[in-house]
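>>> Can you look at this prediction? I've put the sequence above it.
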Amino acid sequence: MTADDIQKLFTRKDGQYLCARWGRPIVPVVFGVDDATLATIKGAIEAVMVLAGHKMAETDPELGANLMMFFFQDWAELPLVPRLDQLVPDLGPLCDRLAAAGANQYRAFRFDADGAIKAAFVFLRMNGPLADLPAEVVALNEATQTILTWGEGAFAETSPLARAEEAVILRPEIAGVIRAAYLPTLPVVARDASHALRLAARLSAEGQGDH
């Protein structure tokens with residue numbers, strides 16, 4: 001991928017560049033799925049963590065769990081979840097807006113004082129096309145979408161996933177961006193588009209066998 005390609009992945013609708021990674025081990029908790037689906041989701045998260053060279057943990061000292069994923073049928077269900085409105089401000093009005101827009105997914109991030117990701121909330125309304133997707137596709141997609149602060153349009157036209165024979169995998173170029181973004185030599189958060197040049201340089205070095 002070129003630096004321009006990478007810059008587009010992390011550019012927001014307002015034109016600002018933001019690439020932030022997790023600054024603490026990830027502690028996922030999943031609501032609204034059966035045990036088999038839960039195992040699939042946690043397996044996908046662990047696979048992306050291994051790719052990034054990041055860690056998972058049993059508990060977060062501040063939040064308990066810091067990656068919360070909710071699977072549900074109707075946006076009206078979320079405001080009924082105890083204390084969720086304390087974690088996601090204006091939850092009721094947000095759900096009203098998402099319902100009115102016919103949305104089936106929403107992600108929100110929280111950041112620490114250094115700008116690193118400290119929490120993420122994933123809401124998935126399992127209806128329409130989303131409900132027809134295999135659990136492993138949904139799981140890997142969400143694990144990918146929450147490992148970095150991608151721009152809103154990063155995967156609007158092209159999925160981050162690909163199919164290799166019978167398996168669903170991350171597209172190699174997206175996997176490369178994730179690996180590069182988590183290198184200790186790069187900052188936990190970047191707001192200048194020159195960061196994309198550094199990521200592109202690491203991808204180029206990786207392609208030439210320099211690990």
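The structure has been received and is ready for your questions.
>>> and the strand or helix carrying Val50, what does it pack onto?
Assessed by DSSP states H and E, Val50 sits inside helix 35-52. Identification of packing neighbours for helix 35-52 by 3 or more Cβ pairs under 8 Å, 6 or more residues apart in numbering; DSSP states H and E yields strand 28-31, strand 67-72, helix 135-145, helix 172-181. For every residue, glycine as well, the C-beta is placed using N, CA and C.
>>> other SSEs contacting the longest strand along the chain?
Taking DSSP state E as the criterion, the chain has its longest strand at strand 117-125. Counting contacts by 3+ Cβ pairs under 8 Å, 6+ apart, strand 117-125 is packed against strand 67-72, strand 105-111, helix 135-145.
>>> mind putting the helices and strands packed on helix 35-52 in JSON lines, mean pLDDT and mean neighbour count included?
Listed next are those as JSON lines, based on pLDDT from 0 to 100; neighbours: other Cβ atoms under 10 Å:
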{"stretch": "strand 28-31", "mean pLDDT": "95", "mean neighbour count": "18"}
{"stretch": "strand 67-72", "mean pLDDT": "96", "mean neighbour count": "21"}
{"stretch": "helix 135-145", "mean pLDDT": "95", "mean neighbour count": "21"}
{"stretch": "helix 172-181", "mean pLDDT": "96", "mean neighbour count": "20"}
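>>> got the ones you listed as CSV, with distance to Pro160 columns?
Output for the helices and strands packed on helix 35-52, formatted as CSV (distance: least, Cβ to Cβ, whole Å):
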stretch, distance to Pro160
strand 28-31, 18
strand 67-72, 17
helix 135-145, 5
helix 172-181, 5
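>>> so what's the closest residue to Asn127 other than its chain neighbours up against?
Distance criterion Cβ to Cβ, 6 or more residues apart in numbering; nearest residue to Asn127, sequence neighbours excluded, is Asn104 at 6.1 Å. Residues near Asn104 by Cβ atoms under 8 Å, 6 or more residues apart in numbering: Leu124, Arg125, Met126, Asn127, Gly128, Pro129, Leu130.
>>> which of the residues in the lowest-mean-pLDDT helix or strand in the chain are buried?
None of the helices or strands of the chain scores lower by mean pLDDT, DSSP states H and E than helix 128-132, at a mean of 84. For helix 128-132, a neighbour-count test (16 or more other Cβ atoms under 10 Å) marks nothing as buried.
>>> For that helix, what is the distance to the chain centroid?
In terms of Cα atoms, centre = their mean, to the nearest Å, the centre of helix 128-132 is found 19 Å from the chain centre.
>>> And stretch 97-108, by the same measure?
The answer for stretch 97-108 is 16 Å, by Cα atoms, centre = their mean.
>>> what's around the residue nearest to Trp150 when sequence neighbours are not counted, how many residues?
Among residues not flanking Trp150 along the chain, Leu9 sits closest, at 5.8 Å (Cβ to Cβ, 6+ apart). With neighbours defined by other Cβ atoms under 10 Å, the count for Leu9 comes to 22.
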